[in-house]
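Participant: just to be clear, the model below is a prediction. Sequence and coordinates:
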Amino acid sequence: MYADTPARRWTLRVITPLLAGVVGLITLFLSPWSDSANAHGSIVDPASRSYGCWDRWGDDHMNPAMEQEDPMCWQAFQANPNTMWNWMSLFRENLAGDFQGNIPDGKLCSAGDAQGGLATSLDNPGPWTPTDVGNDFSVHLYDTASHGADYFQVYVTEQGFDPTTDALGWGDLELVAETGSYPPASDITFDVSAPGRTGHHIVYTIWQASHLDQTYFICSDVNFS
């Protein structure tokens, strides 16, 4: 029995469209990112925007039903499917900790147009599909390269922020957790607490990888219930 991991599901969901006869399309999507997609990571729970879209639609990304059932993923796939196929690579390098100076308001979810501007659709407000959480919840990083972490910083939007209409800015966020370092591992999970919140919010995770000055910026939609 094989373990069910994001990496294994990624492999299966690439094979399925190939067998369905869209070889040229999938090759176009994947070939520019084949190295980087195997070398990085993201928050898979609560699911990042790009990982959530890939997880729900990666094996069915041509389905027109997505437009009605998951409109924010639809617009992201339409803008550039590589945003989802390359869900592991929302990072910037050599920022020396100056995150607010390098990532402007309204561009936080794309890591300031990381991936050469391909991920800008992630910044768009709208009805992104959230993960249900309580005010105390866990954050799970999946990292195929086992980079480890110098630290994580986890922010959550203030009560009253509306992800369906408001573009995310630094002033909308409250720092709710900052961790110490973690040794190299493919899975890292830690607990955070964001009291006093209900409804749809954004969890914004900053992951400072240990192998060099490489920083990941990840938006996860959640519903506090």
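Facilitator: Ah, there it is.

Participant: what bridges to the residue nearest the centre of the chain?
Facilitator: In the chain, the C-alpha nearest the mean C-alpha coordinate belongs to S48, at 3.0 Å (C-alpha atoms, centre = their mean). Per DSSP bridges, the residues bridged to S48 are S220.

Participant: isn't it up against W54?
Facilitator: No - look at S48 against W54 with C-beta atoms under 8 Å: they stay out of range, at 9.4 Å. Just so you know, the C-beta spots here come from the backbone N, C-alpha and C atoms, and that holds for glycine as well.

Participant: so where's this protein shaky on pLDDT?
Facilitator: 1-39 (pLDDT under 70).

Participant: now the strands for it?
Facilitator: For the chain, the strands defined by DSSP state E occupy 41-45, 91-93, 131-133, 136-143, 149-157, 173-178, 187-193, 199-209, 214-224.

Participant: off-centre distance for the fourth one?
Facilitator: What that stands for is strand 136-143. Chain-centre distance of strand 136-143: 12 Å, with C-alpha atoms, centre = their mean, to the nearest Å.

Participant: now for it, which elements pack on it?
Facilitator: Under the contact criterion of 3 or more C-beta pairs under 8 Å, 6 or more residues apart in numbering; DSSP states H and E, strand 136-143 touches strand 41-45, strand 149-157, strand 187-193, strand 199-209.

Participant: reformat those strands as JSON lines; add mean neighbour count.
Facilitator: Putting those into JSON lines (neighbours: other C-beta atoms under 10 Å) gives the following:
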{"stretch": "strand 41-45", "mean neighbour count": "24"}
{"stretch": "strand 149-157", "mean neighbour count": "21"}
{"stretch": "strand 187-193", "mean neighbour count": "15"}
{"stretch": "strand 199-209", "mean neighbour count": "22"}
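
Participant: of those strands, which approaches C109 most closely?
Facilitator: Ranking the helices and strands packed on strand 136-143 by proximity to C109 (C-beta to C-beta) places strand 199-209 first, at 7.7 Å.

Participant: remind me what that closest one packs against, helices and strands.
Facilitator: Applying 3+ C-beta pairs under 8 Å, 6+ apart, one finds that strand 199-209 contacts strand 41-45, strand 136-143, strand 149-157, strand 214-224.

Participant: gap between the third one and the chain center?
Facilitator: Centroid separation for strand 149-157 versus its chain: 13 Å, with C-alpha atoms, centre = their mean.

Participant: likewise stretch 47-59?
Facilitator: So, by C-alpha atoms, centre = their mean, the centroid of stretch 47-59 is 9 Å from its chain's centroid.

Participant: re the thing from before, residue contacts, the residue nearest to the centre of the chain?
Facilitator: Neighbouring residues of S48 by C-beta atoms under 8 Å, 6 or more residues apart in numbering: S42, W87, L90, I218, C219, S220.

Participant: thank you kindly, that will do.
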